[in-house]
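Novice: Build the 3D model from these lines:
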Amino acid sequence: MRISKLPTLLIWIAACNVSAQFIDDDPDWKEVEIPAPPAFAVDRLIQLEMPRHISLKVGIDPETLRITRDGIVRYVVVATSASGSTYATYEGIRCQTGEVKTYARHGATGQWIAITNPQWKPLNGNQPSPHAMALARQGACDGRAPASQVPAQIINKLTHPPLDHR
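Specialist: Numbers count the residues shown, from 1 in each chain. The predicted structure is shown next:
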C-alpha cells in the first residue's frame, strides 16, 4: 500500500516545486521608485495585434518604453475607440512573474492621475483588456525576462513581427 502512494506523493511534491518557481525566484526583489508618467503622442503609436473580439485599437508610444533595473518594462498604452476617443494608462509588466501593474491614468484634463496603491495583477487574469498580455507576447517579454534591456530592440520586435505571428 505505501509503495503505490509514493509515486503520487513524488509527483505532487515536484508539481509544488515547479509552480513555486513561477511565483518569484527572488524573495528580496524590490521595485524601483516608479518613474513619473511620461508624455505620449497618439501619432507615433505602435499598434498591438489584439484578439478579434476587441473593438478598440490599442498601441504603445515607443518613446515611453523603458526597462528599469528591477526588470520592469514600463510604457504608455493608448486605446482608441471607433468614435475616436482615447484612453491612456501608464503601466509596467514584470515578465519574471507574468504580472502587470497600472500606475496612472490619463484624465480628461490632460493630466496624469496616479493610481493609489497600484497592485500587480496576473497578465492572464480577468483584465478589462488583454493588451498587456499582447504586448508581453509580441515583444516585451522573452519568457520570464524582458526581451531586451534596450527599448529599441523591443520596439523592433513590435514593428517587425515574425512571419508566423501575423
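Novice: CA atoms for contacts and neighbours, from now on please.
Specialist: Fine.
Novice: Find the residue ranges of this protein scoring beneath the pLDDT cut-off.
Specialist: Applying pLDDT under 70 to the chain flags the ranges 1-25, 126-129, 163-166.
Novice: again, only using 80
Specialist: 1-27, 125-129, 161-166 (pLDDT under 80).
Novice: how about the helices of it, start to end?
Specialist: 2-21, 131-135, 151-159 (DSSP state H).
Novice: As CSV, could you dump the C-alpha coordinates of the last one?
Specialist: Going back to what we said before, that points to helix 151-159. Extracted as CSV, the C-alpha positions of helix 151-159 are listed here (Å, rounded to 0.1, in the frame of the first residue of the first chain):
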residue,chain,number,x,y,z
PRO,A,151,13.9,49.6,-25.7
ALA,A,152,14.9,49.9,-29.4
GLN,A,153,15.1,46.1,-29.7
ILE,A,154,11.7,45.6,-28.2
ILE,A,155,10.3,48.3,-30.5
ASN,A,156,11.9,46.5,-33.4
LYS,A,157,10.1,43.2,-32.4
LEU,A,158,6.8,45.1,-32.3
THR,A,159,7.3,46.8,-35.6
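Novice: Just the buried positions in that helix, please.
Specialist: By 16 or more other CA atoms under 10 Å, the buried positions in helix 151-159 come out as 151, 154, 155, 158.
Novice: Return the closest of those residues with respect to residue 96.
Specialist: Of all the buried residues of helix 151-159, residue 96 sits closest to residue 154, with 16.2 Å by CA to CA.
Novice: Grab the nearest non-local neighbour of the closest one.
Specialist: Counting by CA to CA, 6 or more residues apart in numbering, residue 139 is the residue found nearest to residue 154 once chain neighbours are left out, at 5.4 Å.
Novice: so who does the one you found touch?
Specialist: 147, 154, 155, 157, 158 (CA atoms under 8 Å, 6 or more residues apart in numbering).
Novice: and those residues as JSON lines, adding distance to residue 77?
Specialist: Formatted as JSON lines, the contacts of residue 139 follow (distance: CA to CA, whole Å):
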{"residue": "147", "distance to residue 77": "18"}
{"residue": "154", "distance to residue 77": "15"}
{"residue": "155", "distance to residue 77": "13"}
{"residue": "157", "distance to residue 77": "17"}
{"residue": "158", "distance to residue 77": "13"}
